[in-house]
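Engineer: Next one to model:
(chains A and B)
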Protein chains: 2
Amino acid sequence: MITSFHPPIRTLMGPGPSDVHPRVLAALARPTIGHLDPMFITMMDEIKTLLQYAFQTKNNLTLPISAPASAGMETCFANLVEPNDKVIICKNGVFGERMKENVQRCGGQAIMIEHAWGLPVDPNRLEDALKNHSDAKIVAFVHAETSTGASSDAETLVKLAHQYDCLSIVDAVTSLGGSPLKVDEWEIDAVYSGTQKCLSCTPGLSPVSFSEIAVTKIKNRCQKVQSWFLDFNLILGYWGSHQKRSYHHTAPINALYGLHEALIMLQQEGLEMAWQRHQRHHFALKAGLEAMGLSLLVEESARLPQLNAVTIPNNVDDALVRQKLLNQFHLEIGAGLGELAGKIWRIGLMGYASRQENVLFCLAALESVLLELKADIQAGVAIPAAMSTLQ
Amino acid sequence: MITSFHPPIRTLMGPGPSDVHPRVLAALARPTIGHLDPMFITMMDEIKTLLQYAFQTKNNLTLPISAPASAGMETCFANLVEPNDKVIICKNGVFGERMKENVQRCGGQAIMIEHAWGLPVDPNRLEDALKNHSDAKIVAFVHAETSTGASSDAETLVKLAHQYDCLSIVDAVTSLGGSPLKVDEWEIDAVYSGTQKCLSCTPGLSPVSFSEIAVTKIKNRCQKVQSWFLDFNLILGYWGSHQKRSYHHTAPINALYGLHEALIMLQQEGLEMAWQRHQRHHFALKAGLEAMGLSLLVEESARLPQLNAVTIPNNVDDALVRQKLLNQFHLEIGAGLGELAGKIWRIGLMGYASRQENVLFCLAALESVLLELKADIQAGVAIPAAMSTLQ
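Structural biologist: Next comes the predicted model:
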């Protein structure tokens, strides 16, 4: 007989989900109402307004997709890419590869600009690609690469795209709420994010925003969007106007309560203050890591404050350290992905996890585990194989 | 300044979302853990086992899609339909039309068998279509039509599909947990459902189950599934085996806590007992409605106990009644959709809403409103226009 699940209380300092604020958890448990209830529709309008603030945009088409950020990415590509469209993808980590998959599955042609993992996107290389592919329609890149901790200069990259008559699709999953992101000022055409990173919210929703130019392109498509669920021409009927809502799908009511509460908290703190908080705790963590002899992977100018890629010292067993942190301290940090697997840890300071308490706790726990391992090695203790479930 | 949202406490007796059990709401608020945490992975395995019980299947590929039931529908079609595949769709309500949209967007050809709304699917008409389209690959239909309250004979329809070498896709959004559904015994190939109907859970997830034959077809596709997010060849890497989970997307952790708790409750009650409960309260509601002079749309043999389509009497303002129920009694019932708009109310007795208290409350409130309107008409009181947001 299976019994109720009571999760352990972890401190989430990996690449996301990050610590969820208690106010958000409490909001999730409020009584469910109908997705066409006038009170719910008022809340949807508020979420739209609050997301416009978080994204720094006046875009009318600003809303949370009823699925995780992967679906938000797919929403952008499925709506904007038509068969045979050429899309330039600046890849500097895991998520550029996923963009390529999306473009190809939409029948588009992906032109890849490959960067070493950990580097920001190079605007000169994008400009070369734009010159070589004058028929390209879209430029796509990740603003804040969650797999490496590198931040790219979104404003410059979008400007280049526009100079060469391309639209821009920007992955802001890890930047929204954590570091400067200015959709209107930077003239981003389509942007998607997640709720489980710097918004202190649970995973499962994907805030997106589309410019008027992008909306026009979607409305004038030659053929239907290949996904019914993600087709903006249909979703707009539900989220578009307060006066007349047409049923599209049943919204994830309680998850939206959580997002509403998280966005209220962002509004109360102030967006600039939230950015500064993430920066401040990053500096504190960095100072502590350096004092322990550890170093960060990404060069200083491109470091994300909310996602710290820490180079794993030689002779230190990556998975064993993470396993000990989890089992002894209930602390989760992230592993490296792809070509950085085994080479970095990813320490997130996102949203509610970007706090003084978390910085001090993480530094102390990590130091304790590293010292313990060092002592074990010196004493000749056999090291158990790391658990395979900890990747 | 926007403030925290505190929803009113409604009684949800429409077509879904239905009343959510307090245990499920409480589970949503439990602390978030990581989506690769060993404890979470154990919970995923439990959800799989519990869903296998709910679906009455041993299918290994049984899991909740991280998005609402519309995405579950799309998962079935996007994975099983290849370009130019002919799919026979038995349509007897709103959701057959959505199936057609799905098939066409996957590049397939939809053969429609149109039924009057409110009727069950006619097996003879399916057999005729199978004879006329011997190259058809798939038969799709809705087991429990939420838009009309009609139940179709899934076992017979699936058997016919197999006789003519077709796979079957079955929409069980409203039947799962509410009325008999036996995936293995009926040899259903692909089935999708929702959490917000008879499981007493919040909306936002879509339980699905695929037979071995369906899985083989997916693995042997000629071209990739057009959706990255819904591609089972990728999702299987995350949900497939306990030993080695590969990152696909960040699961909606807290929503899954809720589903886990809802499924535990179903296991505790017992599936057959849950089916009987839905039947019992349907009979009570029906007796009360008939005593008030109201009648049900669907013929007795095809009536769904969990979704009661009530014919609106002549001269009664549909929207005004629903508005008064909502404003005076905090009671939500559903409107008719499509060709049944203005002609029926849809009274749901689903999951936690399928209770004696709800039946009595709904009957009393509806009678009160109808008597009030009758008195107003007799007294010559002008009737205000119904609110446009109540559809």
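
Engineer: For the helix or strand bottoming out on mean pLDDT in chain A, which outside residues touch it?
Structural biologist: One helix or strand of chain A scores below all others by mean pLDDT, DSSP states H and E: helix A:232-239, with a mean of 85. If you take C-beta atoms under 8 Å, 6 or more residues apart in numbering or on different chains as the criterion, helix A:232-239 is touched by A:44, A:48, A:61, A:63, A:75, A:79, A:210, A:215, A:218-219, A:224-225, A:228, A:245-249, A:251. C-beta here means a position set from N, CA and C on the backbone, and glycine is covered the same way.

Engineer: Intersect those residues with the contacts of chain B.
Structural biologist: A:224, A:225, A:228, A:245, A:246, A:247, A:248, A:249, A:251 (C-beta under 8 Å from any C-beta of the partner chain).

Engineer: most surrounded residue in the residues you listed?
Structural biologist: residue A:228 (25 neighbours; other C-beta atoms under 10 Å in any protein chain shown).

Engineer: in which helix or strand would I find that one?
Structural biologist: Assigned by DSSP states H and E, residue A:228 falls within no helix or strand.

Engineer: Give me the neighbour count for the residue lying closest to residue A:56 once chain neighbours are set aside.
Structural biologist: Nearest non-adjacent residue to residue A:56, counting by C-beta to C-beta, 6 or more residues apart in numbering or on different chains: residue A:182, 4.5 Å away. For residue A:182, the neighbour count with other C-beta under 10 Å is 14.

Engineer: could I have stretch A:354-369 exported to PDB, CA atoms only?
Structural biologist: Extracted C-alpha coordinates of stretch A:354-369, given in PDB (Å, rounded to 0.1, in the frame of the first residue of the first chain):
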ATOM      1  CA  SER A 354      19.200  34.200  -3.000                       C
ATOM      2  CA  ARG A 355      19.500  35.000   0.700                       C
ATOM      3  CA  GLN A 356      22.300  35.600   3.200                       C
ATOM      4  CA  GLU A 357      21.300  32.400   5.200                       C
ATOM      5  CA  ASN A 358      21.600  30.300   2.100                       C
ATOM      6  CA  VAL A 359      25.000  31.700   1.100                       C
ATOM      7  CA  LEU A 360      26.500  31.000   4.600                       C
ATOM      8  CA  PHE A 361      24.900  27.600   4.900                       C
ATOM      9  CA  CYS A 362      26.100  26.500   1.500                       C
ATOM     10  CA  LEU A 363      29.600  27.600   2.100                       C
ATOM     11  CA  ALA A 364      29.800  26.000   5.500                       C
ATOM     12  CA  ALA A 365      28.300  22.700   4.200                       C
ATOM     13  CA  LEU A 366      30.500  22.500   1.100                       C
ATOM     14  CA  GLU A 367      33.600  23.200   3.200                       C
ATOM     15  CA  SER A 368      32.700  20.600   5.700                       C
ATOM     16  CA  VAL A 369      32.200  18.000   3.000                       C
END
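
Engineer: can you pull the buried residues of that stretch?
Structural biologist: Judged by neighbour count (16 or more other C-beta atoms under 10 Å in any protein chain shown), stretch A:354-369 contains these buried residues: A:354, A:358, A:359, A:362, A:363, A:365, A:366, A:369.

Engineer: What are the contacting residues of that stretch?
Structural biologist: Against stretch A:354-369 from outside (C-beta under 8 Å, 6+ apart): A:11, A:13, A:19, A:178, A:198, A:277-278, A:281-282, A:284-285, A:288-289, A:292, A:305-306, A:321, A:324-325, A:328-329, A:331, A:333, A:347, A:349.

Engineer: Near the residue of the stretch 251-391 of chain A found nearest chain B, how many residues? Count them for me, please.
Structural biologist: Nearest residue of the stretch 251-391 of chain A to chain B, counting by C-beta to the nearest C-beta: residue A:252, 3.0 Å away. For residue A:252, the count of nearby residues is 27 (other C-beta under 10 Å).

Engineer: which ones are touching the residue nearest to it when sequence neighbours are not counted?
Structural biologist: Closest residue to residue A:252 apart from its sequence neighbours, by C-beta to C-beta, 6+ apart: residue B:204 at 3.0 Å. Residue B:204 makes contacts with A:66, A:204, A:251-255, B:67-68, B:195-196, B:252, B:255, as judged by C-beta under 8 Å, 6+ apart.

Engineer: Within range of chain B, give me the residues from the stretch 101-250 of chain A.
Structural biologist: A:101-102, A:104-106, A:194, A:196, A:202-204, A:224-229, A:243-250.

Engineer: the domain parsing of chain A - what is it?
Structural biologist: If you go by automatic domain parsing, the domain ranges for chain A are A:21-267, A:271-379.

Engineer: Turn the contacts of residue B:204 into TSV, including secondary structure.
Structural biologist: Output for the contacts of residue B:204, formatted as TSV (DSSP: H, G, I helix; E, B strand; the rest coil):
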residue	secondary structure
A:66	coil
A:204	coil
A:251	coil
A:252	coil
A:253	helix
A:254	helix
A:255	helix
B:67	coil
B:68	coil
B:195	coil
B:196	coil
B:252	coil
B:255	helix
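
Engineer: Specify the local secondary structure of the most centrally placed residue in chain A.
Structural biologist: With distances taken as C-alpha atoms, centre = their mean, residue A:173 lies nearest the centre of chain A, 2.1 Å away. What three-state DSSP gives for residue A:173 is coil.

Engineer: wait, it sits on residue A:198?
Structural biologist: No. At 9.4 Å, residue A:173 does not count as touching residue A:198 under the criterion of C-beta atoms under 8 Å.

Engineer: Endpoint to endpoint, stretch A:3-13 covers what distance?
Structural biologist: 28 Å (C-alpha to C-alpha, to the nearest Å).

Engineer: Does that stretch reach chain B?
Structural biologist: Yes. For stretch A:3-13, a contact with chain B is found by C-beta under 8 Å from any C-beta, at A:3, A:4, A:5, A:6, A:7, A:8, A:9, A:10, A:12.
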